[in-house]
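**Q** Got a sequence here, can you build the structure:
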Amino acid sequence: MRLATLLGATAVLIFSLFTASSHHKEDARTYQIKSYILDNYKSWLAEQEEILGIKHFGEPDIGFSEKPSSPSVDRVYGSYVMSDDKVYFDAELLSLPEDKNEESDARGIGHHEFCHFYMDKLSESMGLGDYPDTDPDAPYRAVTVPTLTLSEGIAHFCWRKVQGNTCDFKETAFERIANEYDIVELRHLAYAAGRCLVEDPINQFGPQAFRYFLENPLKEGDLEDLSQYEKRVLKALK
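**A** Numbering: from 1, shown residues only. Here you go, the predicted model:
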């Protein structure tokens with residue numbers, strides 16, 4: 001009886017070791033990316049301050065997204081949750097520097113989400129509340145396209161800036177968003193058009209540009225000719 005119990009316990013132990021080892025091998029890369037993020041995110045915040053000439057309002061909490069239970073749920077590389085002051089990373093989707101994949105680069109995604117954190121905290125410090133503010137009348141309380149264009153444009157700029165990339169398709173981006181009426185496609189175009197829109201103001205005026213964007217947000221009519229809004233920003237900040 002004791003021998004049977006011992007053999008049973010041994011079998012359970014061997015099985016547990018085997019499954020733990022298999023799980024570890026399966027998720028080794030995910031663990032590696034999580035460790036990379038946790039070891040480096042503070043240096044990314046400092047790097048962003050230096051590149052943009054800003055000072056962060058503390059540090060966001062860091063979390064990792066759970067894999068959705070349904071395959072129909074869209075997954076994103078990262079997200080910033082204003083209510084928690086928390087940046088989430090989906091470690092299963094992200095890549096390391098040696099992978100040389102700019103689209104899923106964990107450092108670049110970090111800069112994108114940390115820029116959202118900065119703009120939200122800057123807006124609160126100016127007495128303007130959360131940024132971006134949601135539209136209570138829109139489905140799922142989504143932000144409007146002009147707000148999305150500016151808020152995601154700023155974050156997208158921060159991401160590409162640290163990678164050393166510049167916008168070389170401004171005219172095309174502005175023209176496409178001006179002539180698009182499908183809401184889904186508009187929201188997709190907002191990222192690239194917004195990035196091109198904020199690039200020159202931020203490069204030339206740094207923190208002043210961020211404050212101007214918050215005090216003078218993009219409006220629906222501005223989407224028809226983003227170059228005019230850009231000119232107003234540059235003129236006001238000179």
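**Q** where's the residue nearest in space to the middle of the chain, which helix or strand?
**A** Nearest residue to the geometric centre of the chain (Cα atoms, centre = their mean): Glu113, 3.4 Å. Assigned by DSSP states H and E, Glu113 falls within helix 106-125.
**Q** what does Tyr88 give?
**A** Using DSSP H and E, Tyr88 maps to strand 86-89.
**Q** Report the contact partners of Trp159.
**A** Shown in contact with Trp159 (Cβ atoms under 8 Å, 6 or more residues apart in numbering): 108-109, 111-112, 115. Any C-beta I mention is one placed from the backbone N, CA and C, and that applies to glycine too.
**Q** so which of these comes closest to Arg211?
**A** Arg211 has its nearest neighbour among these in Cys115, at 14.3 Å by Cβ to Cβ.
**Q** What is the neighbour count of the closest one?
**A** Close neighbours of Cys115, defined as other Cβ atoms under 10 Å, add up to 25.
**Q** pLDDT value on it, please?
**A** With respect to pLDDT, Cys115 scores 98.
**Q** What distance do you get for the residue nearest to the centre of the chain to Phe169?
**A** 24 Å (Cβ to Cβ, to the nearest Å).
**Q** just Phe210 next, same as before
**A** 23 Å.
**Q** Would you mind telling me which of these two has the busier surroundings?
**A** Each of Phe210 and Phe169 has its neighbours counted (other Cβ under 10 Å); Phe210 has more, 23 against 13.
**Q** show me what contacts the more buried one?
**A** Each residue near Phe210 by Cβ under 8 Å, 6+ apart is listed here: 54, 118-119, 122, 154, 202.
**Q** Reformat those residues as a markdown table; add distance to Ser104 and pLDDT.
**A** Below are those laid out as a markdown table (distance: Cβ to Cβ, whole Å; pLDDT from 0 to 100):
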| residue | distance to Ser104 | pLDDT |
| --- | --- | --- |
| Ile54 | 25 | 97 |
| Tyr118 | 22 | 98 |
| Met119 | 23 | 98 |
| Leu122 | 27 | 98 |
| Ile154 | 20 | 97 |
| Ile202 | 24 | 97 |
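**Q** Could you chop this protein up by domain?
**A** Using automatic domain parsing, the domain ranges for the chain come out as 26-131, 133-238.
**Q** Deepest-packed of these, please.
**A** Highest mean neighbour count among these (mean count of other Cβ atoms under 10 Å): domain 133-238, with a mean of 17.
**Q** what's the first-to-last distance across that one?
**A** Chord length of domain 133-238, first to last residue, is 28 Å (Cα to Cα, to the nearest Å).
**Q** so how far is that domain from its chain's centroid?
**A** Relative to the chain's own centre, domain 133-238 is displaced by 15 Å; criterion: Cα atoms, centre = their mean, to the nearest Å.
**Q** One more: stretch 41-53?
**A** 15 Å.
**Q** which residues are contacting that stretch?
**A** In contact with stretch 41-53 (Cβ under 8 Å, 6+ apart) are residues 54-56, 59, 62, 107, 110-111, 114-115, 118, 158, 161-162, 202, 206-207.
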